[in-house]
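Participant: No sequence on hand, only this structure:
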């Protein structure tokens, strides 16, 4: 984040304040006025004490000064409250804009960036990390302004009254700041540990709760809880070490800095006795000195917040600066939707998994991709869908490199159905409608019938209005799969990718899902990542992949004769199928 190191963290944040710059300006202006009002009670009380010491007991002037002090206090309170309200509105607008930018960024980065990041970290970044900016944005800007301006105004007035007392009133400030300098030793490194431990704990909590079903099913409670407990203990240790190394200096600082009277009283008394200082001036300086440092201490309490803002901005900016897939915005006319690979290489980081592969998918037919685990089958499918971009070579749709096509156009052309399709916590009807937002209820029902899910949907208590649950938790795996297929049928894209769509389906559901798939792919170019080879024997073309290369291609019969790897895969599949059927009998 080199660019952000050069820029002020708040300057970076203000990039997102375009809609609320007026509110921020008004907030700071009100804070300045509130600071001015905050000085009035000190001045009024000073005049009251001077009158009383000079035996001037007239109630009307004293009453007016008391009222002036009250109005100054109320005015300061009202103006600062109004300032804080405006700053909160600004802060929430800025947080909204940052979150919108982060979510928009996720749609532009390669899918690998998202898949490589734990879901707990996303939640922490979007919710917790961004939320940390609310306190400094809503409070620090106006309150820091007030806490700095009030002592500055008081000091200026003291300089007018007597420059000697004004300067001596500052004598404890450098001593207190020296204590704060001790607190700042290795501050960034130590506070970074606190922030990192907190983020890791949040991510561990989300992961532990999200995976509790798997943890219990596989009796991994002790190891998984151990990971969670270690994160909590590290969070505790980091904060304990932080406070142990910081609090001594902090306590010394806040004890010494407010002691302005240690200088003002003896010097003022000596000057008064010598006749070079009038009593009213001495009294005014004493009262002003009492309120001189407290606001500065409150301002220094934002030290942690300032460090947190810098760390938070770096983390958010790091995500926003992730490499994007740069695509044009204007759609490109295509003569067809044929899929081709031309010398395509691709790797995850430094690990290349595809090595200059080339092939043409069968136009308006089925192309199956088979091979051992880790051979690159799913990577090919995801490159077609533009989840990633090739490192070299071209992935073509209709003879055009997909990098020259807008992402929206690729998404319109390609339907991607995986073995674990996500359903939102919406009604089943709305989950299907995501395939085509403008679809009517009748069109949704037709798609559901074609996907063989209409019957089980209508049998549910609320039919199509039944909530799918978070991630589709209210439905079985086979039901979720058929709804995902209905969604793809409704989308009606010319290219359909099935990434092991029936890999974990039981035999009873497999026949139903296979019938749904037959409806989905009618008249379309179909790319199938095959787990069960018996489902792709009728494919127009079968690609056999091994170690990131296309080892052979052809029909089922031709490959059985001419490709030893395919023959081994087929025999292993038939053997496993026979074993499973024998076990079921």
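Facilitator: On my side now, so go ahead. Since this is a predicted model, take the numbers as computed values, not measurements. Numbering: from 1, shown residues only.
Participant: Would you enumerate the residues in contact with the residue nearest the centre of the chain?
Facilitator: The centre of the chain sits closest to residue 126, judged by C-alpha atoms, centre = their mean, with a distance of 2.5 Å. Neighbouring residues of residue 126 by C-beta atoms under 8 Å, 6 or more residues apart in numbering: 99, 102, 103. (Each C-beta comes from the backbone N, C-alpha and C, glycine too.)
Participant: Going by distance to residue 75, which of the residues you listed wins?
Facilitator: Nearest to residue 75 out of the contacts of residue 126 is residue 99 (C-beta to C-beta; 36.3 Å).
Participant: Residue 114 versus the residue nearest to the centre of the chain, what's the distance?
Facilitator: Going from residue 126 to residue 114 by C-beta to C-beta, to the nearest Å gives 12 Å.
Participant: repeat for residue 143
Facilitator: Using C-beta to C-beta, residue 143 is found at 38 Å from residue 114.
Participant: Between those two, which is the more surrounded one?
Facilitator: Ranked by neighbour count (other C-beta atoms under 10 Å), residue 143 and residue 114 place residue 143 first, with 22 against 14.
Participant: For that one, which residues are in contact?
Facilitator: Neighbouring residues of residue 143 by C-beta under 8 Å, 6+ apart: 31, 80, 84, 298, 302.
Participant: of all those residues, which two lie farthest apart?
Facilitator: Every pair of the contacts of residue 143 checked by C-beta to C-beta; the farthest is 80 and 302, at 15.5 Å.
Participant: neighbour-wise, which of those two wins?
Facilitator: Ranked by neighbour count (other C-beta under 10 Å), residue 80 and residue 302 place residue 80 first, with 22 against 18.
Participant: Not counting its neighbours along the chain, what's nearest the more buried one?
Facilitator: residue 34 (4.0 Å; C-beta to C-beta, 6 or more residues apart in numbering).
Participant: Run a quick neighbour tally on the one you found.
Facilitator: 25.
Participant: How about residue 263?
Facilitator: Residue 263 has 17 neighbours, counted by other C-beta under 10 Å.
Participant: where along the stretch 251-400 of the chain do the helices fall?
Facilitator: Secondary structure of the stretch 251-400 of the chain (DSSP state H, counting those that start in this stretch): helices at 261-273, 279-290, 294-300, 303-320, 377-384.
Participant: any idea how far residue 43 is from the residue nearest to residue 80?
Facilitator: With distances taken as C-beta to C-beta, residue 34 is found 15 Å from residue 43.
Participant: picking up where we left off before, look up how far residue 102 lies from the residue nearest to the centre of the chain.
Facilitator: Separation of residue 126 from residue 102 (C-beta to C-beta): 6 Å.
Participant: cool, and residue 369?
Facilitator: 34 Å.
Participant: Neighbour count for these two, which is higher?
Facilitator: Shown here are residue 369 and residue 102; by other C-beta under 10 Å, residue 369 has more neighbours (27 against 17).
Participant: isn't the more buried one right next to residue 526, touching?
Facilitator: No. With contact defined as C-beta atoms under 8 Å, residue 369 does not reach residue 526; the gap is 11.1 Å.
Participant: Show residues contacting stretch 45-65.
Facilitator: By C-beta under 8 Å, 6+ apart, stretch 45-65 touches 44, 66, 69, 279, 280, 283, 284, 287, 288.
Participant: again, 10 Å this time
Facilitator: Stretch 45-65 has contacts (C-beta atoms under 10 Å, 6 or more residues apart in numbering) with 41, 43-44, 66, 68-69, 72, 157, 161, 278-288, 290-291.
Participant: Could you pick out the buried ones from those?
Facilitator: Buried subset of those (neighbour count, 16 or more other C-beta atoms under 10 Å): 41, 43-44, 68-69, 72, 157, 161, 280-288, 290-291.
Participant: neighbours around residue 194, how many?
Facilitator: For residue 194, using other C-beta under 10 Å, the count is 21.
Participant: same thing with residue 421?
Facilitator: Look at residue 421: counted by other C-beta under 10 Å, it has 21 neighbours.
Participant: What does the pLDDT read for the residue nearest to it when sequence neighbours are not counted?
Facilitator: Using C-beta to C-beta, 6+ apart and skipping the chain neighbours, the partner closest in space to residue 421 is residue 484 (3.4 Å). Per-residue pLDDT puts residue 484 at 84.
Participant: Could you check which helix or strand contains residue 484?
Facilitator: In the assignment (DSSP states H and E), residue 484 maps to helix 477-491.
Participant: Now do the helix or strand following that helix, average pLDDT.
Facilitator: As assigned by DSSP H and E, the chain's next helix or strand after helix 477-491 is strand 495-499. Averaging pLDDT along strand 495-499 gives 86.
Participant: Common neighbours of residue 126 and residue 102, please.
Facilitator: 316, 319.
Participant: So this protein: which segments form each domain?
Facilitator: When the chain is parsed with automatic domain parsing, its domains come out as 2-171+260-320, 339-584.
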